[in-house]
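Chemist: from the sequence below, what's the structure:
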Amino acid sequence: MPPSILWLCRDFRFRDNAAMAAAAAAGPVLPVFLIDRGLRAQGAASRWRIERALRAFDAELRRRHGAAVLVLEGEPEALLPDLTARIGAAALHMNDWPEPGTIAAQQRLGRALAGTPARLVLHPGHLLLHPRALRTGSGGAYRVFTPFARTLRAIGPDRPGGEAPRLAPLADPPQGLALDRLDLAPDLHRGRAVLERHALPAGEAAALARLGDFLDRAGDYAAQRDRPDRDATSGLSESLAVGEIGPRDLWAIATARARADSAAGAGIAAFLTELIWREFAWHLLIAFPRLARQPWRPEWSDFPWRGASGDLTRWQRAETGIALVDAGLREMRVTGRMHNRVRMVAASWLTKHLLTDWRLGLAHFADSLTDWDPASNAMNWQWVAGCGPDAAPFFRIFNPERQAAQFDPQGRYRRRWLLGWQGAEAEEARGYFDSLPPAWQVSRHYAEDGADPTSGRARALAAHAAFRHRVQGSGI
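Modeler: As a prediction, the model looks like this:
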């Protein structure tokens with residue numbers, strides 16, 4: 001039987017991996033990972049995390065199947081047609097990652113393969129349900145979350161696939177880049193060592209173990225998930241982002257636990273709602289690829305957002321003087337992650353109190369997050385800014401002092417990340433300074449600046465009122 005190429009993108013797992021199963025069933029398999037322009041355009045932290053996922057997957061692939069991942073640098077349409085001809089492959093199997101740049105790359109590859117014996121075969125795996133199966137009564141994509149979630153729950157996600165069958169490696173595979181010398185994120189510089197100190201274990205086995213641990217304590221999730229000072233969330237966002245666990249498998253495992261453990265039912269239901277929110281973001285990005293670049297609501301293109309400024313620089317460097325905001329931004333710098341409640345507060349401070357363009361915040365998160373997800377990052381920033389689908393009204397402006405009092409009442413989270421705040425000396429807080437570029441002049445002793453959030457709120461509301469007046473006057 002002719003061999004197949006398994007084109008790896010965001011699917012570093014053996015369970016519920018439809019592309020791997022199809023390739024294994026067809027004959028010998030050559031797993032391939034490409035360093036292309038799409039990957040190089042990603043933020044440094046997410047490239048570093050993909051490298052860790054790739055290394056863990058390759059090690060497990062060698063252990064289980066005696067195969068290795070072929071790593072090549074270049075564009076799919078330039079490399080893969082020649083590779084298929086060289087090994088006589090009849091098909092390239094890939095789990096679909098429906099990001100606009102990847103879709104464009106798939107289309108270019110399809111054109112390059114025209115007239116050859118090989119074909120690109122896409123398999124579902126990144127979503128709970130194919131967007132074609134989840135449409136409104138008029139046949140369009142849902143634009144509001146609540147009916148979207150209700151319909152998805154009524155239909156139910158697709159059933160996950162099981163463990164991939166035994167994979168027969170190619171007898172004489174081509175040689176590519178040495179994985180042990182690979183560095184996908186050289187631009188992290190000093191930050192790499194800091195991220196490595198705080199890294200969660202990579203790989204599918206680690207993701208499944210993390211899920212099991214979370215489900216053991218999921219009964220408190222609904223009540224505690226907004227507390228950044230507590231270990232109440234699943235910690236699975238990275239693994240979902242790089243495909244070390246699939247959403248369908250995650251859903252199936254979690255719902256089975258909920259049926260078996262009534263005490264955890266409410267917490268697991270809340271957790272699955274968050275998974276549906278991720279799904280909603282992806283369905284919207286597929287239907288409206290401009291989501292990551294333009295305001296969802298067209299009239300917001302004329303909102304007088306501020307561009308680059310000293311305020312933006314202080315926000316990026318976690319020197320706003322607002323303790324909860326700065327703690328979150330420092331957590332992200334040190335670990336590549338930030339608690340979701342704090343993400344909302346930090347985004348609200350930038351877009352509303354500082355009236356800064358949400359795309360500048362989106363870009364900073366995209367460069368800094370190890371769990372970067374293009375759909376969730378875009379939709380969530382637009383949601384907070386007030387210009388996105390199903391968005392929070394613009395007048396819903398997070399007050400960071402009230403948020404801190406409610407969700408970090410003893411200040412544990414802020415002390416963990418802010419060196420010198422209330423005498424804090426935590427190792428994590430020191431790690432922030434180890435990660436900084438030499439050009440950043442950041443004081444090692446943290447002090448709040450006493451800014452009054454009410455003045456920023458008033459300024460934001462005044463800007464919004466003037467904007468709405470112009471929009472209404474123009475008849476939009």
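Chemist: show me the shaky parts of the stretch 251-400 of the chain.
Modeler: Applying pLDDT under 70 to the stretch 251-400 of the chain flags residues 391-392.
Chemist: helices of that one, start to end?
Modeler: 265-287, 310-316, 323-335, 340-348, 358-368, 374-385, 400-407 (DSSP state H, counting those that start in this stretch).
Chemist: what's the second one in contact with?
Modeler: Outside helix 310-316, the residues that touch it by CB atoms under 8 Å, 6 or more residues apart in numbering are 306, 320-321, 325, 329, 346, 349-350, 354, 356, 360-361, 364. Glycine gets a C-beta too; all of them are placed from N, C-alpha and C.
Chemist: first vs last residue of stretch 416-434, how far apart are they?
Modeler: 15 Å (CA to CA, to the nearest Å).
Chemist: tell me which residues in it are buried?
Modeler: Using 16 or more other CB atoms under 10 Å as the test for burial, stretch 416-434 gives 416-419, 421, 424, 428-429, 431-433.
Chemist: in helices only, show me those.
Modeler: 416-417, 428-429, 431-433 (DSSP state H).
Chemist: possible to save those residues as JSON lines with pLDDT?
Modeler: Listed next are these as JSON lines, based on pLDDT from 0 to 100:
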{"residue": "R416", "pLDDT": "96"}
{"residue": "W417", "pLDDT": "96"}
{"residue": "E428", "pLDDT": "92"}
{"residue": "A429", "pLDDT": "94"}
{"residue": "G431", "pLDDT": "94"}
{"residue": "Y432", "pLDDT": "95"}
{"residue": "F433", "pLDDT": "94"}
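Chemist: any chance of the helices of the stretch 251-400 of the chain in JSON lines, plus distance to L39 and mean neighbour count?
Modeler: Compiled in JSON lines, those are given as follows (distance: least, CB to CB, whole Å; neighbours: other CB atoms under 10 Å):
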{"stretch": "helix 265-287", "distance to L39": "18", "mean neighbour count": "20"}
{"stretch": "helix 310-316", "distance to L39": "24", "mean neighbour count": "16"}
{"stretch": "helix 323-335", "distance to L39": "21", "mean neighbour count": "26"}
{"stretch": "helix 340-348", "distance to L39": "24", "mean neighbour count": "23"}
{"stretch": "helix 358-368", "distance to L39": "13", "mean neighbour count": "21"}
{"stretch": "helix 374-385", "distance to L39": "13", "mean neighbour count": "25"}
{"stretch": "helix 400-407", "distance to L39": "35", "mean neighbour count": "17"}
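Chemist: kindly reformat those helices as a markdown table containing distance to C9.
Modeler: Formatted as a markdown table, the helices of the stretch 251-400 of the chain follow (distance: least, CB to CB, whole Å):
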| stretch | distance to C9 |
| --- | --- |
| helix 265-287 | 14 |
| helix 310-316 | 29 |
| helix 323-335 | 24 |
| helix 340-348 | 25 |
| helix 358-368 | 17 |
| helix 374-385 | 13 |
| helix 400-407 | 36 |
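Chemist: and the residue nearest the centre of the chain, backbone torsions?
Modeler: In the chain, the residue lying closest to the centroid (CA atoms, centre = their mean) is D373, at 2.4 Å. Torsion angles at D373 (phi, psi; degrees, to the nearest 10) stand at phi -140, psi 120.
Chemist: for it, which non-adjacent residue is spatially closest?
Modeler: A241 (5.0 Å; CB to CB, 6 or more residues apart in numbering).
Chemist: not counting the one helix or strand that neighbour maps to itself, show me its contacts.
Modeler: Taking DSSP states H and E as the definition, A241 sits inside helix 237-242. With contact meaning CB under 8 Å, 6+ apart, helix 237-242 is reached by 10, 12, 46, 49-50, 53, 200, 206-207, 210, 244-245, 247, 250, 278, 336-337, 370-373.
Chemist: need the phi and psi values for R166.
Modeler: Backbone torsions of R166, given as degrees, to the nearest 10, read phi -60, psi 130.
Chemist: cool, and P169?
Modeler: phi -70, psi 160.
Chemist: how far away is it from F145?
Modeler: According to CB to CB, to the nearest Å, P169 and F145 sit 44 Å apart.
Chemist: having no further points to raise, I will conclude here.
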